[in-house]
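# Here is my input; please provide its structure:
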Amino acid sequence: MSSPFSLLDWLVIGLYVTLLFTGGWLFRPRQTEDTHDYFLAGGQVPAWMAAISVLSATQSAATFLGGPDYGFRNDYTYIAGNIGGLIGALFVAHYMIPRFYAIKATTVYELLETRFSRRAMRWAGGMFLIGRVFAGGARVYLAAIAVSMVMFASIDATGIVIAAALVMLAAFLFTFAGGLRSVILNDLLQFAIYLGAALATLIWLWTSIPASAADIVHGLANAPDGVNKLRLFDWSFDPAKPFAMPAIVFGLSLLYIASTGTDQDVTQRLLASPDAKIGSRGLMLSLVGTVPVVFMFITIGLLLHVVYQRPELMGGKTLELGTTFEGQKISTFMHYFLTQLPAGLRGLVTAGVFAAAIATTNSALNAMSSVMVQDFYRPWKEKRAQVGEHHYVQAGRWGMAIAGIAMFGFAVVSFYWQRASDKPLLEFALQVMVFAYAGLLGVYFTALFSSRGTTNSVIAALIAGFVAVACCQPYIAAALHLPEWLGKLAFPWQLCIGTAVATVVCNLPRGNR
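I've put the predicted structure just below:
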């Protein structure tokens, strides 16, 4: 199959790749002395830089591709999810970040060593590694969709495998030498590129609609069948809706607590500041920055609704709606940028998707490596021999290679999983994170607010949370003959159930080691 990309598109992509490697070389620290420098950037990251890095890591290819897809299908209710983000961020800033700084933690799981035991810390770190492989692999898969379309004009299994491998290789190269400092500096570059690509797409879409701004707004507010595409809050109690207000307040707030307080991938950036106050400020700034970024991606989806489904706003004729390309099923946004964007802009959008994937993946590699080295390998090695800090820096680089291979493997699995579930891209990427988060939340709530729990109950809670979420998956619930409603719950409610189960299990015994 021939590629839909022109020479100008390839020139833009080539310029991006050149900029990518140039930035990777310029941002590479000339010398990394120890693991504190390698995994926490020497503890010198200012709040604004931590905020952008968190934004860059969390607003991944899932947002780049899934955000427009959500806007096309729905409305602005995903943005209201930031209310849950605010609740979660306030909790983490007040209760968790100060505790991490007080024990001078390199990884968030060291808190469990002080509260329970080293064995509990390792089990929590292991659950994080499993969850990050799930979530990181899913995001690599989403980026691989776009890369495969560029390279092969197809998103079959072979294209996904090759594209995912390229994403993983690029992410590995840019974090291998310099650790978190390289990650954060590259995050700034990648964030600017994918934000610029999204803004350019939004402007192109807006100018391609012949209706006035007032008519577009009125048309979105009065979509067919009485739908208001500008709706921000969904007050319904439908448990199948992931972004209704009850799900946001209870479920998404837990998701944000988990992602910024128990997930080393994000929390690592907040631990790299000079003190807890600056780290907490970085977290709050990242939440503020999330709103306009997500607003832009959802708006792209709303405008796609106009150009494909609203002839009265398009001068009587809309574009032909396609959900396949060369026989392969794709999202509406993918179809639009492959078939409608002009030469050059098409290449820029592809670069933007790749930038989003790199920003997310390189941080996940460094975070997973920090847990493998600090929570697993270092304690094991120190019992057997005394070695210098440079040895653990080298071990961190090997750890990233292992993490990269695991994430690549799950990216391939995600290709088949997402197609079998037929979930929208955004919901799919968010849901896979819930499996590990449920048990971690139950354990951390116990550690912070209870004197109960033991190492064994921590282990049992981590497993119970994972299993509880698994039982909420439609195919598993049906196979086990569980109540039908359980398999229809949106992922925020799955997280609530998993967290509740894990918290109860962790608190069953009295507190001792």
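# Phi and psi next, for Val227.
Per-residue torsions, Val227: phi -80, psi 140 (degrees, to the nearest 10).
# ok, and the closest non-adjacent residue to it?
Closest residue in space to Val227, ignoring its immediate chain neighbours: Asp75 at 7.7 Å, by CB to CB, 6 or more residues apart in numbering. Backbone N, C-alpha and C define where each C-beta goes, glycine included.
# these two touch, right, the one you found and Arg231?
Yes: in this structure, Asp75 is within contact of Arg231 by CB atoms under 8 Å, at 4.4 Å.
# Between these two, which is the more surrounded one?
Asp75 (25 against 16; other CB atoms under 10 Å).
# And what about the more buried one, helix, strand or coil?
At Asp75, secondary structure determined by DSSP: H, G, I helix; E, B strand; the rest coil is coil.
# so who does it touch?
227-232, 234, 302 (CB atoms under 8 Å, 6 or more residues apart in numbering).
# Among those, name the buried ones.
For the contacts of Asp75, a neighbour count by 16 or more other CB atoms under 10 Å gives the buried set as 229, 231, 234, 302.
# Wasn't the first one part of a strand?
Right, Lys229. No: under the criterion used here (three-state DSSP), Lys229 is coil, not part of a strand.
# tell me which element the closest residue to it other than its chain neighbours falls in.
Leaving aside its chain neighbours, Lys229 sits nearest to Leu220 (4.2 Å; criterion: CB to CB, 6+ apart). Here Leu220, judged by DSSP states H and E, is contained in helix 213-221.
# how about that helix: buried residues?
216, 219-220.
# so who does His391 touch?
Counting by CB under 8 Å, 6+ apart, His391 touches Lys381.
# Check the gap between the residue lying farthest from the centre of the chain and Val443 for me.
Relative to the mean C-alpha coordinate of the chain, counting by CA atoms, centre = their mean, the farthest residue is Gly316 (39.3 Å). Separation of Gly316 from Val443 (CB to CB, to the nearest Å): 59 Å.
# and what of His391?
His391 is 31 Å from Val443, by CB to CB.
# Spatially nearest residue to Ile130 (excluding sequence neighbours)?
Spatially, and ignoring its direct neighbours in sequence, Ile130 is nearest to Ala436 (5.5 Å; CB to CB, 6+ apart).
# Show me what the mean pLDDT comes to for the helix or strand harbouring that neighbour.
Element membership for Ala436, per DSSP H and E: helix 425-449. Regarding helix 425-449, the rounded mean pLDDT is 83.
# just the angle between the next helix or strand after it and helix 425-449, please?
The helix or strand immediately downstream of helix 425-449 is helix 455-471, counting by DSSP H and E. The directions of helix 455-471 and helix 425-449 differ by 160 degrees, with axes from the mean of the first three to the mean of the last three CA atoms, to 10 degrees as the criterion.
# name the helices or strands packed onto helix 455-471?
Judged by 3 or more CB pairs under 8 Å, 6 or more residues apart in numbering; DSSP states H and E, helix 455-471 is in contact with helix 118-152, helix 425-449, helix 491-507.
# Rounded mean pLDDT for the last one, please.
So the one you mean is helix 491-507. The model assigns helix 491-507 a mean pLDDT of 95.
# Let's check: the centremost residue of the chain is which one?
The centre of the chain sits closest to Thr58, judged by CA atoms, centre = their mean, with a distance of 4.4 Å.
# which residue sits closest to that residue in space, ignoring its chain neighbours?
Using CB to CB, 6+ apart, the closest residue to Thr58 is Val266 (6.5 Å).
# how about the one you found, what does it touch?
Counting by CB under 8 Å, 6+ apart, the residues that Val266 touches are 54, 57-58, 259-260.
# what about 6 Å?
Contact analysis of Val266 by CB atoms under 6 Å, 6 or more residues apart in numbering lists 54, 259-260.
# any idea which of those is the one closest to Gly88?
Thr260 (6.5 Å; CB to CB).
# hang on, isn't the closest one packed against Val92?
Yes: using CB atoms under 6 Å, Thr260 is in contact with Val92, at 4.9 Å.
# Near Trp123, how many other residues are there?
Neighbours of Trp123 using other CB under 10 Å come to 25.
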